[in-house]
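Participant: Test case, fold it:
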Amino acid sequence: MSELKVSIVIPAKNTAKFLPECLESIISQSYSNWEALVVDDGSTDNSVQIVSDFAKKDHRIRLLTNSGTGIIDALKTAYAVANGKLITRMDSDDIMTSDKLLKMSTMLKTYGKGHVALGLVKYFSKEGLKDGYKRYEKWLNRLTKKGGNFNEIYKECVIPSPCWMVYTSDFERCEGFKPNIYPEDYDLAFRFFKYGLKCIPSNEVFHHWRDYAIRTSRTSEHYAENSFLELKLHYFMELSYDPSKTLIIWGAGTKGKKMAKLLSKATIPFEWICDNPKKIGKEIYGKTLQPFESLSKIEDYQSIITVANREGQDSIKTYFDIHQKKAMKDYFFFC
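Facilitator: This next block holds a predicted model:
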């Protein structure tokens, strides 16, 4: 089976400390037919020199300058000159396993177009991983092992930004990097879902994901919680909302209040329930919070769950199971 060329798009800004290890992991791939398109996004360290030196030694590596500013423009800059039949993204501070490209490309050739190849991810950090990253890794890998990533797409980003691969023709069909919407990785995951791509299950770690204090996803306003909620609601209204049913927010914590505010601002009608006796009966954003028992009085509804507590989520899922409600049709976990 011939090797299809893989285009690897890599935005880079001030990651000189990690770039050599990143690029070495690409050069060391067991799969040889690839191009690495590294786009400098205004680095002030010696990132440019490092990539330039690597490019002189290996013609498959190309150094580009961002035609705009920011990650999305950098991704667009790389994609504009990409000519592989397959495409993937890589972060300039991360590390590929040596057979990542081989195994992901083989998955795609086996399953065919209309699929997303994925792999398990492993976070690492010299500073020690926070519990939130450990939970995210465990949750994401659980979904990837079954290929059920899109079943929980409203919870969090279900496609790891540097560990996917698709046919370039499918990528183009999904609008590629065209939208200027942050968080761009989550937006892309929603578009893979929107256009019907299927996730290929995987049980192997293909990517080592570095975490550190000044990582972009930690410091940029584009990755703030509000951006995620707005994106979730945007795609929910486009892909899942049924206006013939009563829309209900379940939960009156921070996320529940933010969701209620967004719905109110968009003049989308909804009801609001919670389990906290101290909040039941209170009026917020013009809505009186009702006890969850009031659901029994509503014949047909869709519920957005903003309860983050795991035990609370389990209880809510049990309630919906008893009442024969279906996930991703009648109820949606947003956290």
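Participant: As a check, name the ranges of all helices in the protein.
Facilitator: Along the chain, counting by DSSP state H, helices occupy 19-27, 47-57, 71-81, 100-111, 131-146, 168-173, 184-194, 216-219, 225-239, 254-265, 310-322.
Participant: for those helices, which one sits closest to residue 283?
Facilitator: The closest approach between residue 283 and any of these, judged by CB to CB, belongs to helix 254-265 at 11.2 Å. To be clear about C-beta, it is placed using only N, CA and C from the backbone, and glycine gets the same treatment.
Participant: Name the residues of the closest one that are buried.
Facilitator: For helix 254-265, burial by neighbour count (16 or more other CB atoms under 10 Å) applies to 255, 256, 257, 258, 259, 260, 262, 263.
Participant: quick one: low-confidence parts of the stretch 1-150 of the chain?
Facilitator: For the stretch 1-150 of the chain, applying pLDDT under 70 flags the ranges 1.
Participant: Generate a markdown table for the helices of the chain, with distance to residue 291 as supplementary columns.
Facilitator: Formatted as a markdown table, those follow (distance: least, CB to CB, whole Å):
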| stretch | distance to residue 291 |
| --- | --- |
| helix 19-27 | 52 |
| helix 47-57 | 56 |
| helix 71-81 | 44 |
| helix 100-111 | 47 |
| helix 131-146 | 29 |
| helix 168-173 | 46 |
| helix 184-194 | 33 |
| helix 216-219 | 38 |
| helix 225-239 | 24 |
| helix 254-265 | 14 |
| helix 310-322 | 13 |
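Participant: closest to residue 92 out of those helices?
Facilitator: Here helix 19-27 is closest among those (CB to CB), at 5.4 Å.
Participant: Run the angle between that closest one and helix 47-57 for me.
Facilitator: If you take axes from the mean of the first three to the mean of the last three CA atoms, to 10 degrees, helix 19-27 sits at 30 degrees to helix 47-57.
Participant: just checking, what packs against helix 19-27?
Facilitator: Using 3 or more CB pairs under 8 Å, 6 or more residues apart in numbering; DSSP states H and E, the elements in contact with helix 19-27 are strand 6-12, strand 34-40, helix 47-57, strand 61-65, strand 95-96.
Participant: okay, those, which one's buried deepest?
Facilitator: Neighbour counts (mean count of other CB atoms under 10 Å) averaged over each of the helices and strands packed on helix 19-27 peak at strand 6-12, with a mean of 26.
Participant: Tell me which other helices or strands that strand touches.
Facilitator: helix 19-27, strand 34-40, helix 71-81, strand 86-89, helix 100-111.
Participant: Nearest to residue 64, out of those?
Facilitator: Of those, nearest to residue 64 by CB to CB is strand 34-40, at 4.6 Å.
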